[in-house]
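Visitor: Below is the structure, and that's it, no one-letter string:
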């Protein structure tokens, strides 16, 4: 009986130009999910949840760098030719143009706070590698 209130809220969000009216802040992927925490000029913050045994695909960005802070679990990060284990309460920096991959070798969900920095943060600033 409250569906009209939901419709009114969505209309208000649209009038304010909020993207939440059109797109959910959590996106689901085969490896887990990513939730938008905040964004502004030159930065985007997300919470990544990577399921045990899953990994994000190898990729790189030309216009942004990426900072990861592990809040739960253990991450195996490949950046260029370097492979490093990153434990809870540790962080890792990926410079622009570096191919990288994030893998969860553990038995529990890997939770990461990701901060992307750069002049251009569009979804088309990504190159994938097999």
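Guide: Happy to help now that I have it. Worth saying up front: this structure is predicted, and the values here are computed from it rather than measured. Residues are numbered from 1 along each chain as shown.

Visitor: Count the neighbours of residue 57 for me.
Guide: Close neighbours of residue 57, defined as other CB atoms under 10 Å, add up to 14. Where you see a C-beta, it was placed from the backbone N, CA and C, and this is true even at glycine.

Visitor: Could you do residue 91 as well?
Guide: 12.

Visitor: quick one, what contacts it?
Guide: With contact taken as CB atoms under 8 Å, 6 or more residues apart in numbering, residue 91 is in contact with 67-70.

Visitor: Would you format these as CSV with pLDDT, neighbour count and distance to residue 95 included?
Guide: Shown next, in CSV, are the contacts of residue 91 (pLDDT from 0 to 100; neighbours: other CB atoms under 10 Å; distance: CB to CB, whole Å):
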residue, pLDDT, neighbour count, distance to residue 95
67, 98, 16, 10
68, 98, 20, 13
69, 98, 15, 17
70, 98, 22, 19
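
Visitor: residue ranges with poor pLDDT in this structure?
Guide: 13, 18-23 (pLDDT under 70).

Visitor: For residue 130, which non-adjacent residue is closest in space?
Guide: residue 58 (7.2 Å; CB to CB, 6 or more residues apart in numbering).

Visitor: separation between that neighbour and residue 44?
Guide: 20 Å (CB to CB, to the nearest Å).

Visitor: Which one of the two is surrounded by more residues?
Guide: residue 44 (17 against 14).

Visitor: partners of that one in the sheet?
Guide: Assessed by DSSP bridges, residue 44 has beta-bridge partners residue 39, residue 116.

Visitor: can I assume the residue nearest to residue 130 is in contact with residue 127?
Guide: No. Contact between residue 58 and residue 127 fails when scored by CB atoms under 8 Å: they sit 9.3 Å apart.

Visitor: Spell out the secondary structure type for residue 7.
Guide: Per DSSP: H, G, I helix; E, B strand; the rest coil, the local secondary structure of residue 7 is helix.

Visitor: quick one: buried residues of stretch 61-77?
Guide: Along stretch 61-77, these residues count as buried under the neighbour rule (16 or more other CB atoms under 10 Å): 61, 63-64, 66-68, 70, 73-77.
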